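In: Here is a sequence together with a model predicted from it:
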Amino acid sequence: MPGLENSRYVMLGSLRIDLIWCNPGHFIMGCSEDEEGDSEDAPLHQVTLTKGFWLARFQTTQAQYEMIAEQAGLNPRPSKFEGENRPVERVTWVDAHQWCEALNRRESRAGRIPEGFEYRLPTEAEWEYACRAGTTTALNSGKTLTCGDGECPNLNEVAWYDHNSGKETHDVGQKLPNNWGFYDMHGNVEEWCRDWYDEYPLDHVVDPLGPDYGRYHVCRGGNMGGMAMGCSSSARKGGNPTNRRCYRGFRLALGPIIRATAHQQNPRQEQNEEPENTRPSRPQPSTEELMQARAELEERLNIAIDFDTAIKGKTDEQGTRNFTVEEPKVKMIWCPPATFTMGSPMEESGRTPEETLHEVTLTKGFWLGMYPVTQEEYSIIADCAGLRARPANFGGLRRPVETVDWYSVERWCKELTYLEMIAGRLPDGYEYRLPTEAEWEYACRAGTSTAFNHGLDPTNHGEEARTYFENVAWYKYNSGYKTHVVGERQPNAWGFCDMHGNIREWCWDWFGDIAAEPATDPRGPESGTMKVSRGGCYGDYARHCRSAYRGQCEPEGCKANLGFRLALAPVLH
């Protein structure tokens with residue numbers, strides 16, 4: 001346990017940063033399966049830290065940041081929520097790294113840095129070790145989270161989060177400290193760590209530093225606008241190192257010098273992944289051509305789009321289609337024009353009155369994602385579209401993205417449409433968008449007319465049907481009440497996975513009554529207050545995951561059970 005004899009401080013003019021010594025030690029890092037959190041993204045593993053380090057008692061305040069920022073060539077007052085003793089925020093990982101480097105230069109000249117140590121961001125392991133302070137529970141007070149997405153009295157004692165913060169930061173040190181004297185390790189602002197974000201090892205590790213390169217840096221602790229489960233000792237997420245967020249800051253460490261280059265980029269970004277002769281030769285568009293393309297798309301879609309970077313893509317010869325952004329690849333399946341029966345018959349178990357049985361004709365085919373859009377896929381286009389790159393509550397690159405509102409999804413799709421159009425890969429008359437409700441059910445059914453696309457109803461056909469249903473869907477009784485990696489359940493006859501369960505999926509349409517008359521290319525009502533969602537989720541009963549079941553949600557709603565599936569389909573605007 002840290003002792004007062006090992007405490008230090010650094011003076012910034014008249015301001016003081018208190019640092020607490022953390023002895024070398026062993027601890028269990030990650031999230032247990034019975035903890036409210038994400039044990040798949042943060043599996044339990046043993047960590048040994050062979051060298052001690054100092055860590056700031058409080059998050060870096062705005063007054064402290066300002067004293068060094070100008071020496072580092074940084075904006076001294078970047079924060080949205082102003083206050084000298086509030087934590088600094090809207091600082092990128094690069095800003096925080098440069099700030100620490102400037103402090104190192106100043107303190108080295110004054111001879112005040114212990115040999116072999118440097119000011120820097122803590123590693124993720126150092127951060128969690130200090131946060132836990134000897135505890136193994138979700139909260140460093142020794143208590144558990146009593147609620148993951150609502151008000152949690154135990155969390156109120158130690159953190160500012162979405163149920164008590166008023167959605168703004170607060171002066172540091174207002175909540176109870178942990179056993180070692182650290183404040184605000186839960187909530188207020190999430191804190192940058194030194195490591196690149198990646199999957200945890202499963203074995204015992206010594207002085208872990210994370211991968212040598214990556215796309216996102218680790219953020220820990222949760223924030224004033226986040227849910228309770230995102231503030232646990234084990235909760236982790238990734239952030240773009242150049243993004244500024246009003247809920248993200250940092251805590252200063254004085255730790256052993258780390259020689260590896262923490263901001264090295266993925267070398268694959270600097271070289272082609274395929275030999276030159278395997279790539280089709282295509283001249284790069286000029287600036288004038290890009291601007292003309294932008295103007296044409298903005299006029300056609302009645303939007304204004306921000307362009308940051310282009311993406312690479314491929315089309316195969318079997319009717320499927322891929323777009324690739326560096327590593328991620330979205331597989332899309334062609335659905336031909338057809339007539340099918342939409343809705344449910346009166347005798348279907350679990351049926352609701354909104355599921356009117358009627359004939360639907362789709363006169364044009366479309367492509368639809370084989371899986372819901374994953375967090376990795378979402379994050380890259382989100383950066384281009386100016387959206388939060390990692391909104392999900394259940395972190396994991398191959399898990400479906402969730403906690404995204406309908407308008408953000410629409411913006412994401414429009415950005416992808418623009419990028420693909422300027423790259424010359426967008427089929428004439430098509431756009432990337434959400435599927436209409438009719439398109440979604442057509443693809444989900446894949447030729448079936450039963451309650452579920454595998455042909456059996458678990459509510460009517462006994463244990464065998466329930467067992468089979470669990471092989472095709474993550475729902476209330478097998479999910480552990482969390483999302484799972486896409487594609488782990490069996491696909492339907494056309495190859496679509498996770499159409500039942502895992503996450504509910506936004507559709508294009510406003511929610512409204514459906515007439516019994518035949519319909520051609522239906523799009524739903526012209527306006528409304530609720531958007532359609534389909535497919536059910538990890539927390540739903542089987543009846544809410546049926547092919548015909550119609551959910552609804554306010555388009556501004558961000559829920560941990562709601563994501564989307566990408567369509568490349570006829571233009572609707």
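Out: Received it, and whenever you're ready, just let me know what you need.

In: What ranges does the chain have for its helices?
Out: 62-69, 93-109, 124-132, 153-156, 287-301, 375-385, 406-422, 437-445, 462-472 (DSSP state H).

In: could I get these as CSV with distance to residue 479 and mean neighbour count?
Out: All C-beta atoms are positioned from the backbone trio N, CA, C, and that covers glycine. Formatted as CSV, the helices of the chain follow (distance: least, Cβ to Cβ, whole Å; neighbours: other Cβ atoms under 10 Å):
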stretch, distance to residue 479, mean neighbour count
helix 62-69, 42, 22
helix 93-109, 33, 19
helix 124-132, 26, 25
helix 153-156, 24, 18
helix 287-301, 37, 13
helix 375-385, 17, 24
helix 406-422, 22, 22
helix 437-445, 19, 25
helix 462-472, 10, 15
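
In: Format the ones you listed as a markdown table; extra columns: mean pLDDT.
Out: What follows is those, written out as a markdown table (pLDDT from 0 to 100):
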| stretch | mean pLDDT |
| --- | --- |
| helix 62-69 | 96 |
| helix 93-109 | 95 |
| helix 124-132 | 98 |
| helix 153-156 | 96 |
| helix 287-301 | 47 |
| helix 375-385 | 86 |
| helix 406-422 | 92 |
| helix 437-445 | 98 |
| helix 462-472 | 65 |
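
In: and residue 350, which of those is closest to it?
Out: Residue 350 lies closest to helix 462-472 among these, at 12.5 Å (Cβ to Cβ).

In: Turn the helices of the chain into JSON lines, columns for distance to residue 10.
Out: As requested, the helices of the chain are exported to JSON lines (distance: least, Cβ to Cβ, whole Å):
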{"stretch": "helix 62-69", "distance to residue 10": "9"}
{"stretch": "helix 93-109", "distance to residue 10": "7"}
{"stretch": "helix 124-132", "distance to residue 10": "17"}
{"stretch": "helix 153-156", "distance to residue 10": "31"}
{"stretch": "helix 287-301", "distance to residue 10": "48"}
{"stretch": "helix 375-385", "distance to residue 10": "34"}
{"stretch": "helix 406-422", "distance to residue 10": "41"}
{"stretch": "helix 437-445", "distance to residue 10": "57"}
{"stretch": "helix 462-472", "distance to residue 10": "56"}
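
In: in stretch 532-541, what's buried?
Out: By neighbour count on 16 or more other Cβ atoms under 10 Å, the buried set for stretch 532-541 is 532, 533, 534, 535, 536, 537, 538, 539, 540.

In: so the third one sits right up against residue 508, yeah?
Out: Pointing back at residue 534 there. No - with contacts counted by Cβ atoms under 8 Å, residue 534 stays clear of residue 508, the gap being 10.9 Å.

In: Identify the contacts common to these two.
Out: residue 437 (Cβ atoms under 8 Å, 6 or more residues apart in numbering).

In: so what's residue 248 up against?
Out: 89, 90, 91, 189, 190, 191, 192, 219, 223, 239 are the contacts of residue 248 under Cβ under 8 Å, 6+ apart.

In: Run through the residues that contact the last one.
Out: For residue 239, the contacting residues are 93, 190, 192, 216, 217, 218, 219, 245, 248, 389, 390, by Cβ under 8 Å, 6+ apart.

In: Now for the nearest residue to residue 96 once chain neighbours are set aside, how many residues are close by?
Out: In space, and not counting its chain neighbours, residue 96 is closest to residue 250: 4.3 Å by Cβ to Cβ, 6 or more residues apart in numbering. Residue 250 has 28 neighbouring residues, counting by other Cβ atoms under 10 Å.

In: same check, this time on the one 3 residues further on
Out: The burial metric for residue 253, expressed as a neighbour count using other Cβ under 10 Å, is 25.

In: where does this structure have low pLDDT?
Out: Across the chain, residues meeting the criterion (pLDDT under 70) sit at 1-7, 33-41, 260-329, 456-468.

In: If we use 50, what do you get?
Out: Applying pLDDT under 50 to the chain flags residues 3-5, 265-291, 293-294, 297-318, 324-328, 461-464.

In: domains for it, by residue range?
Out: With domains defined by automatic domain parsing, the chain comprises 4-256, 298-570.

In: how far does the first one sit from the chain's center?
Out: Domain 4-256 has its C-alpha centroid displaced from the chain centroid by 19 Å (Cα atoms, centre = their mean, to the nearest Å).

In: Please apply the same query to the longest one.
Out: Taking Cα atoms, centre = their mean, one finds the center of domain 298-570 at 18 Å from the center of the full chain.

In: what do you get for stretch 562-573?
Out: With Cα atoms, centre = their mean, you get 20 Å for stretch 562-573.

In: what's the closest of the buried residues of stretch 532-541 to residue 158?
Out: residue 539 (26.9 Å).

In: How about the contacts made by that closest one?
Out: Contacts for residue 539 (Cβ under 8 Å, 6+ apart) come out as 475, 476, 479, 481, 561.

In: wait, residue 120 sits on residue 256?
Out: No - using Cβ under 8 Å, residue 120 makes no contact with residue 256, being 9.4 Å away.

In: more crowded one of those two?
Out: Shown here are residue 120 and residue 256; by other Cβ under 10 Å, residue 120 has more neighbours (23 against 18).

In: Quick check: the gap between the more buried one and residue 100.
Out: Counting by Cβ to Cβ, to the nearest Å, the gap from residue 120 to residue 100 is 5 Å.
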